[in-house]
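# this is a predicted model, with the sequence first.
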Amino acid sequence: MENLNKSKILSTFSGNIISFHKKSTNNVTEFVLLGLTENPKMRKIIFAVFLFIYIISMAGNLLILITITASSFLGSAMYFFLAYLSFIDACYASVNNPKLIRDSLQEKKTILFNGCMAQVFGEHFFGGVEVILLTVMAYNCYVAICKPLHCATIMNRRVCMLLVGVSWMGVFLHATIQLLFIFPLPFCGLNVNYHFMWDLNPLLNLACTGTHILGLFVAASSGFICLLNFLLLLVSYVVILHFLKTHSLEGRCKALSTCVSHITVVVLFFVPCIFVYMRPPANLSIDKAVAVFYTMITPMLNPVIYTLRNAQMKNAIRNLFSRKFI
């Protein structure tokens, strides 16, 4: 009889634990973002600054996309990839910027659980496509400078479309896998993020279970992808710069101008990403500034860097505007 009572007590206790666990994994329906600052005056400044950044980013990238699409003489592989980069930058800037701009005018900054998952997916999808696209653009730069006579054959339109399609499919798989590991995690009540955006590391810090293995997975997937592509890009540009020694002075200046634009974009985007993803999950005070740089500043600077250092793009923009006015 005593053993029977003990078994009943144990079964009841186990049932309570299971029901509590089920309840605890589902009791977080929304998350709270503390944003960049809690100072009301600073929030107004943040609203104005990031609204300006977002408008410039969207206008600049759309201008490049429209100019390349409307200009028949900008039909080379470089401009094909540049148009795609502008489209990706416009999408990537729209993942976090609108939310940050809206939250800067609100006291309580919340996001639903599904919205949080969508934001994480968007960051890794569009960010991953940009990583692959910058690597492909570096390869195209190598072919154009080192094998100029075969460039049109090697980087024809079919190959360009294939490279873009493969990058989209591969990154979609990568972003989906990231989400599949994060989505089942239990969140038991702690739902405050000291950041202005949601990503893998902040979510791992809030989970009610051990996330050491998942932290290593994030570093091995997102961090390693960024680091590997960054090293490949550096090697490709070293090869290009070595090959330029045999060119004339005019040819070297023209090729260096293109390479400097690419290298600037690569450093501005990859270095902050490597800093964020190649370390264990932790809340560092510098993370906000770093995230602002690679999610908002870089998409704004890309069109400026590519247009100001490219005479053909500037001429095409002038022709586009003069044609519209006429």
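Yep, it's here.
# use CA for all of it now, contacts and neighbours both
Noted.
# residue ranges with poor pLDDT in this protein?
Low-confidence segments of the chain (pLDDT under 70): 1-28, 72-75, 189, 247-248, 251, 281, 308-309, 323-326.
# centroid residue for it?
Most central in the chain under C-alpha atoms, centre = their mean is G127, positioned 2.5 Å from the mean C-alpha point.
# how close does that one sit to I55?
Here G127 is placed at a distance of 19 Å from I55 (C-alpha to C-alpha, to the nearest Å).
# secondary structure element holding the closest residue to F181 other than its chain neighbours?
Among residues not flanking F181 along the chain, L214 sits closest, at 7.7 Å (C-alpha to C-alpha, 6 or more residues apart in numbering). According to DSSP states H and E, L214 maps onto helix 212-218.
# next structured bit after the strand or helix carrying F126?
According to DSSP H and E, F126 maps onto helix 113-146. For helix 113-146, the succeeding helix or strand toward the C-terminus, using DSSP H and E, is helix 151-154.
# off-centre distance for that following helix?
With C-alpha atoms, centre = their mean, to the nearest Å as the basis, helix 151-154 stands 30 Å off its chain's centre.
# which strands or helices does it pack on?
If you count contacts as 3 or more C-alpha pairs under 8 Å, 6 or more residues apart in numbering; DSSP states H and E, helix 151-154 packs onto helix 113-146.
# buried stuff in the helix it packs on?
116-117, 119-146 (16 or more other C-alpha atoms under 10 Å).
# do stretch 166-183 as well
For stretch 166-183, a neighbour-count test (16+ other C-alpha under 10 Å) marks 167-168, 171-172, 174-175, 178-179, 182 as buried.
# Serialize these to TSV and add fields for secondary structure.
Below are the buried residues of stretch 166-183 laid out as TSV (DSSP: H, G, I helix; E, B strand; the rest coil):
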residue	secondary structure
S167	helix
W168	helix
V171	helix
F172	helix
H174	helix
A175	helix
Q178	helix
L179	helix
I182	helix
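# for those, which one is nearest D89?
Closest approach between those and D89, by C-alpha to C-alpha: W168, at 14.2 Å.
# skipping adjacent residues, who's closest to the closest one in space?
The spatial neighbour of W168 that comes closest, neighbours along the chain excluded (C-alpha to C-alpha, 6+ apart), is V129 at 6.2 Å.
# mind giving me the packing neighbours of the helix or strand where N315 lies?
N315 belongs to helix 311-325 when assigned by DSSP H and E. Applying 3+ C-alpha pairs under 8 Å, 6+ apart, we find helix 311-325 packed against helix 40-70, helix 298-308.
# most tightly packed of the ones you listed?
Comparing the helices and strands packed on helix 311-325 by mean neighbour count (mean count of other C-alpha atoms under 10 Å), helix 298-308 comes out on top with a mean of 21.
# wait, the residue nearest to the centre of the chain touches C91, no?
No: counting by C-alpha atoms under 8 Å, C91 is not a contact partner of G127; they are 9.5 Å apart.
# for the residue nearest to F181, give its distance to L200.
Separation of L214 from L200 (C-alpha to C-alpha): 9 Å.
# pull the number of nearby residues for the residue nearest to F181.
Applying other C-alpha atoms under 10 Å, we find 18 residues neighbouring L214.
# can you offset everything so residue one is 26?
Fine by me, first position is 26 from now on; the one you just mentioned is L239.
# hang on, the earlier thing: flag every buried residue along the helix holding L239.
239-243.
# output the contacting helices and strands for the helix or strand that comes right after that helix.
On the C-terminal side of helix 237-243, the nearest following helix or strand under DSSP H and E is helix 249-268. Applying 3+ C-alpha pairs under 8 Å, 6+ apart, we find helix 249-268 packed against helix 138-171, helix 274-302.
# tell me the contacts of S247?
Going by C-alpha atoms under 8 Å, 6 or more residues apart in numbering, S247 touches 302-303.
# distance of it relative to A95?
S247 is 36 Å from A95, by C-alpha to C-alpha.
# equivalent analysis for S192, please.
Using C-alpha to C-alpha, S192 is found at 25 Å from A95.
# same deal with I78?
Distance from I78 to A95, by C-alpha to C-alpha: 26 Å.
# before we move on, what about M103?
Where A95 is concerned, M103 sits at a distance of 15 Å (C-alpha to C-alpha).
# kindly report the same for I80.
Distance from I80 to A95, counting by C-alpha to C-alpha: 22 Å.
# quick one: distance of stretch 146-157 to the chain centre.
Worked out by C-alpha atoms, centre = their mean, stretch 146-157 lies 5 Å from the chain centre.
# contacts for it?
So stretch 146-157 is contacted by 110, 113-114, 116-117, 120, 192-193, 196-197, 199-201, 203-204, 224, 251, 254, 295 (C-alpha under 8 Å, 6+ apart).
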